[in-house]
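*Asks:* what follows is a predicted protein model with its sequence.
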Amino acid sequence: MAQPGLPIEALPAWALLNGIAFPHVKVSNIEGKGFGVVSDGELKPEVPLMTVPNNLILNAQAVDEYAKEDKNFKELLDAVGHHSARRDILLFLLVQLVLASKKHQAPVGVSNPWKEYIKFLPKTVLVPTLWTEDERLLLRGTSLESAVNAKMTALTAEFDAVREAASSLPSWNDVLWPYNEEQGGNSSASLCSWILLDGLYRSRVLELPKSGESMVPCIDMINHSTSASAYYDENTMDEVILLPRPDIKILSGEEVTISYGDAKPAAEMLFSYGFIDPEATVESLVLPLEPFEDDPLAKAKLFAFKDLPKVHVAHDKGGSAVSWKSPFAYLMCVNEEDGLEFRVLQDSEGGRQLRVFWREEDVTDRIEDFETLIQNHEVPTLIKLRVVTVVQERLQEQLERAQSFADTSSLPIGGVDLVRDECRQAASLLRSIEIGLLEVVIEDLEKERRVLLADANVVAYLGSMETAESDLVGEEASNEAEDFS
Ligand SMILES: C[S@@+](CC[C@H](N)C(=O)[O-])C[C@H]1O[C@@H](n2cnc3c(N)ncnc32)[C@H](O)[C@@H]1O
């Protein structure tokens, strides 16, 4: 479906009609960033640069309110929605998108400001879920490789579920998925529209102090900067306001920016907003972790852990502090002989529960805290050594993968499988940030491993293992000798 558009010059008129005031700023094109908000005069501290009425905020509650006025939409929302605020908002926007692109007014969907506002939104966003398949190959070896693949699978499944649930509603079938050209032609909703709306939502949603996860027209035209000049808030009338930062002077003609989050890693920025801020001072990355293939307790560990097993590493470039965290790596590295046990217990309602025991204590609710729990092991430093080794090996594997895909010149440029320059640059920046981060953390882990290897208890333990092994070899040798004799 082609997304309907309105020129940005028409935005002030739409804003005026809908009660949005922005007397001292205007929305214009900003090189390399799409639209943005620019100061249009002298800005006074504490005087809002924009004020958006509460009735324009789009959140789950607002979608419910729209549904109350429109029984057809309520029918659709009840069949498809109420899973999450995001899903309800996406469904509402999908309907606006389809209705806005129809040549003839369909007998569904009450008129609302978003039906017009959606026409001002960009036709695409540079988030990787909206990259072409070839462009997504650029992400191989980065932490986004598996995350984006998983998201694409999830979006496809989500859209199929929406379609399936809505298929029982004949009136919506005709509007969302018309069978032939005459009924609307290319105005049917498709997986592409769903992926576009997901990208628009992810890159524009705000966390408001009172209204929660929301989309706010016009405020969502403001770009990000680490040295932001403004911030948003909700006032006593529940309007959303944009205020200049108290300590910052915004000159006429200067871009007004907000912060999308100071500590967001490069991968998250690219995933959520389609760009990486080169000014960010904290770098971090999250990698999936898999239990040892030969671990007989692997399945039970995964089941009991509940969260996705992962490693999180970070480097504060300013303070040069390196950190890593992986509660699952601790669980991975303890076994039956250390005192780990899984028991299936019957609860009072007759159900069965998998419980986790560490040294005879039920620690099911502390499964994320094996870093502390191992302290009552005979040689906690030995377990720590195993964990550090596992994490270091996982990072090393990722580093080698990232390095092996660093040369992307074989990917097609232009033609049918267009690989846009912006995607190439973003992926290459992400890869070099992640390679740098992995190298620093691996080096730090190596130092930690050396210290642990020199620990007296570890040395004694490893020494005793060596003796036991040489006894075994000796025994085997004598068996062999016996055999040969
Ligand atoms: C909330 S919208 C801001 C308005 C947007 N520029 C537009 O044209 O509608 C967020 C999107 O703006 C762009 N953006 C924001 N800050 C940026 C920056 N510092 N550098 C590059 N792009 C930026 C990204 O495409 C991001 O997904």
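*Replies:* Okay, I see it.
*Asks:* from here on, contacts and neighbour counts on C-alpha atoms
*Replies:* Will do.
*Asks:* run the chain-centre distance for stretch 126-140.
*Replies:* Distance, stretch centre to chain centre, for stretch 126-140: 15 Å (CA atoms, centre = their mean, to the nearest Å).
*Asks:* oops, could you answer that again for stretch 67-74 instead?
*Replies:* That offset, for stretch 67-74, works out to 31 Å (CA atoms, centre = their mean).
*Asks:* just stretch 425-439 next, same as before
*Replies:* In terms of CA atoms, centre = their mean, the centre of stretch 425-439 is found 18 Å from the chain centre.
*Asks:* got it, and stretch 447-464?
*Replies:* Relative to its chain's centre, stretch 447-464 lies at 39 Å (CA atoms, centre = their mean).
*Asks:* any idea of the mean pLDDT for that stretch?
*Replies:* Mean pLDDT, stretch 447-464: 93.
*Asks:* give me the residues contacting that stretch.
*Replies:* The contact list for stretch 447-464 (CA atoms under 8 Å, 6 or more residues apart in numbering) reads 379, 381, 382, 384, 385, 388, 389.
*Asks:* please repeat the previous calculation with a cut-off of 6 Å.
*Replies:* Applying CA atoms under 6 Å, 6 or more residues apart in numbering, the contact partners of stretch 447-464 are 382, 385.
*Asks:* buried residues of it, list them for me.
*Replies:* Residues 449, 452, 453, 455, 457, 458 are the ones in stretch 447-464 that count as buried (16 or more other CA atoms under 10 Å).
*Asks:* again, but for stretch 78-97
*Replies:* By neighbour count with 16+ other CA under 10 Å, stretch 78-97 contains the buried residues 79-81, 85-97.
*Asks:* number of nearby residues for the residue nearest to residue 202 when sequence neighbours are not counted?
*Replies:* Leaving aside its chain neighbours, residue 202 sits nearest to residue 272 (5.6 Å; criterion: CA to CA, 6 or more residues apart in numbering). The number of residues packed near residue 272 is 24, by other CA atoms under 10 Å.
*Asks:* check residue 347 too.
*Replies:* For residue 347, using other CA under 10 Å, the count is 9.
*Asks:* what residues does it make contact with?
*Replies:* By CA under 6 Å, 6+ apart, the contact set of residue 347 is empty.
*Asks:* can you list the residues of this protein near the ligand?
*Replies:* Within the chain, the residues that sit near the ligand (CA under 6 Å from any ligand atom) are 33-36, 121-122, 125, 203-204, 220-225, 273-275.
*Asks:* returning to that earlier point: can you lay out the buried residues of stretch 447-464 as TSV showing secondary structure?
*Replies:* Output for these, formatted as TSV (DSSP: H, G, I helix; E, B strand; the rest coil):
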residue	secondary structure
449	helix
452	helix
453	helix
455	coil
457	helix
458	helix
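*Asks:* now those in JSON lines, with distance to residue 302?
*Replies:* Listed next are the buried residues of stretch 447-464 as JSON lines, based on distance: CA to CA, whole Å:
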{"residue": "449", "distance to residue 302": "26"}
{"residue": "452", "distance to residue 302": "27"}
{"residue": "453", "distance to residue 302": "29"}
{"residue": "455", "distance to residue 302": "31"}
{"residue": "457", "distance to residue 302": "30"}
{"residue": "458", "distance to residue 302": "28"}
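*Asks:* quick check: the farthest pair among those residues?
*Replies:* Maximum pairwise distance among the buried residues of stretch 447-464 (CA to CA): 14.0 Å, between 449 and 457.
*Asks:* how about residue 317, nearest residue that isn't a chain neighbour?
*Replies:* Closest to residue 317 by CA to CA, 6+ apart is residue 281, at 5.4 Å.
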